[in-house]
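Visitor: when you get a sec, could you give me coordinates for this:
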Amino acid sequence: MYDTIKSKTIIDNLPKVFFANKLQNVDWAGFLWRPIQNKKAFVIGYQTELQNIHLKLYGSELQIENSLQKFFMGNNYQDFTFTQVLTALDTLNNHLPVDIYKTSLSRADVGVVINHDTIQETDRWIDYKSTLPIPMIKGNVIYGKEIRKTNYKFKAYNKTFEAKKTADIKLEEQLMRVELKGNYRYFNNRANPLGIYTVQDLIDPIKYNLLANELLNFYASINKKTNLDFSNWSAKETRLYGYMNYADSAQAMKLHHKETHKKERGQYLKLLSKHKDAEQEKTVFNKLKAKVDFSIRNCACFKTCSIV
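Guide: You can find the predicted model right below:
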């Protein structure tokens with residue numbers, strides 16, 4: 001379920017050569033560290049890699065970042081179970097000059113891949129707490145949508161298309177990847193904090209459940225269109241639906257008639273809820289939940305936990 005993680009820690013007794021900021025490679029801890037230069041060509045740190053994992057040193061601060069799943073499996077279009085997460089982190093930890101479990105977590109991405117038509121799904125998205133979805137474009141092709149704010153990003157995209165475009169990998173199934181990226185503030189500075197502070201927290205079964213629920217609940221909270229039968233709608237309802245789904249008129253009302261827009265948007269959301277297609281709404285949610293359940297099914301540490 002995990003993908004990219006980013007964490008950091010302070011290394012005590014780091015060799016003095018790292019503080020000299022010289023334009024030279026440094027051999028340390030089994031890695032060859034290369035200088036990082038700013039726009040003025042000054043050395044501001046050093047970097048190296050462990051497979052796809054980026055390691056960067058700025059002074060005594062070590063930053064660790066990239067996809068844990070790709071480090072372990074070489075891709076992120078297959079299932080990544082909790083048991084595999086444990087093995088992947090242990091493998092990574094054995095190669096690092098620090099204890100990764102004690103590093104402070106800056107970001108964590110959770111996601112799963114399901115067999116589903118991406119465009120059919122993302123074309124239904126209206127907004128999430130008034131934030132509109134943004135098209136994801138590669139090579140002039142819209143292959144997904146994302147909902148982006150300062151502290152988080154939620155996206156669903158055509159993984160079959162993306163794998164072919166970026167890695168020339170041909171996948172036979174119609175795969176859609178759904179991801180939630182959150183930073184420290186998103187997970188912890190809230191009414192009900194998840195308590196995701198260090199990498200150690202990522203292997204806590206209870207917190208793994210909380211992150212899984214966060215992914216599912218975020219998806220469920222997106223306002224979506226549904227298959228609508230307008231024959232039973234009143235003229236007022238049809239007119240409201242029309243102007244709220246036409247970007248220019250909706251934006252004009254929001255800019256020039258804020259109070260009216262706020263009131264009518266509430267009526268619009270009630271209208272969608274009234275005509276909601278429960279079966280269609282459940283389709284993707286159930287597929288996501290099945291993949292989350294699969295990721296934990298065979299791990300004994302989850303026997304007392306449940307996904308809701």
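Visitor: which one is residue 175 nearest to, not counting chain neighbours?
Guide: residue 159 (4.1 Å; C-beta to C-beta, 6 or more residues apart in numbering). (C-beta placed from N, C-alpha, C; glycine too.)
Visitor: tally of neighbours for the one you found?
Guide: Residue 159: 25 surrounding residues under other C-beta atoms under 10 Å.
Visitor: quick one, what contacts it?
Guide: Residue 159 is in contact with 77, 113, 171, 175, 176, 177, counting by C-beta atoms under 8 Å, 6 or more residues apart in numbering.
Visitor: do that again at 6 Å, thanks
Guide: If you count contacts by C-beta atoms under 6 Å, 6 or more residues apart in numbering, residue 159 has them with 77, 113, 175, 177.
Visitor: pull out the buried residues from the helix or strand that contains residue 239.
Guide: In this structure, residue 239 sits in helix 235-244 according to DSSP states H and E. For helix 235-244, the buried set under the neighbour-count rule, 16 or more other C-beta atoms under 10 Å, comprises 237, 240, 241, 244.
Visitor: how near is the first one to residue 244?
Guide: Right, residue 237. For residue 237, the distance to residue 244 (C-beta to C-beta, to the nearest Å) stands at 11 Å.
Visitor: and residue 186, how many neighbours?
Guide: Neighbours of residue 186 under the rule other C-beta under 10 Å: 20.
Visitor: hmm, it is touching residue 149, no?
Guide: No: applying C-beta atoms under 6 Å as the test, residue 186 and residue 149 come out as separate, 8.4 Å apart.
Visitor: now do the SS call for residue 78.
Guide: Classification of residue 78 using DSSP: H, G, I helix; E, B strand; the rest coil returns coil.
Visitor: ok, the helix or strand harbouring residue 3: who's next to it in the sheet?
Guide: Assigned by DSSP H and E, residue 3 falls within strand 2-10. Strand pairing for strand 2-10, using DSSP bridges, gives strand 61-67 (antiparallel), strand 104-115 (antiparallel).
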